[in-house]
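Peer 1: Give me coordinates for this.
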Amino acid sequence: MPHLRIAPEGIGLHLWLVPERKPPQPIEIDDLDISDDLADRIEAWGDAFDAVIDDSLPPATGFPSPEAEIVWRAEGQLIAAALKDELGAEWEIETRF
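Peer 2: Modelled structure (predicted):
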C-alpha cells in the first residue's frame, strides 16, 4: 500500500512518500495523480507554512495568531481527506503537523 505523509519540514518540503523500511522521500505535487484544484490547495497550504518559517531563528517561527494556525491545521486535515478521496483506498495518508 503506498503511504503518503503530509508533514511540512522546511520550505517546499510538505509531501513525503514513505516506503517500507526506507526513509521518507519528498515527493512533488505534480508526481501525484490528483486534480489541479487539489494541487492548488496543497500549494497554497504549503505556501502559508513557508511564509512563517524563520530558518535563521527557528524559535521565531510561528503563525501570526493562534487562530491562523488553527485555520491552517484544519485546511491540512481537509487536504488529507481530499487526497484519500482522489488517490483511493489503496493509499495510506498520514498527517504530521
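
Peer 1: If you average the pLDDT over stretch 3-17, what comes out?
Peer 2: For stretch 3-17, mean pLDDT rounds to 90.

Peer 1: And the contacts of that stretch?
Peer 2: The contact list for stretch 3-17, computed with C-beta atoms under 8 Å, 6 or more residues apart in numbering, reads 2, 18-20, 24-29, 32, 42, 45-46, 49-50, 53, 55, 76, 79-80, 83, 87, 91-97. Where you see a C-beta, it was placed from the backbone N, CA and C, and this is true even at glycine.

Peer 1: I'd like to know which of those are buried.
Peer 2: 18, 24, 27, 29, 32, 42, 45-46, 49, 76, 79-80, 83, 87, 93, 97 (16 or more other C-beta atoms under 10 Å).

Peer 1: Doesn't Asp54 belong to a helix?
Peer 2: No: counting by DSSP: H, G, I helix; E, B strand; the rest coil, one finds Asp54 to be coil, located in no helix.
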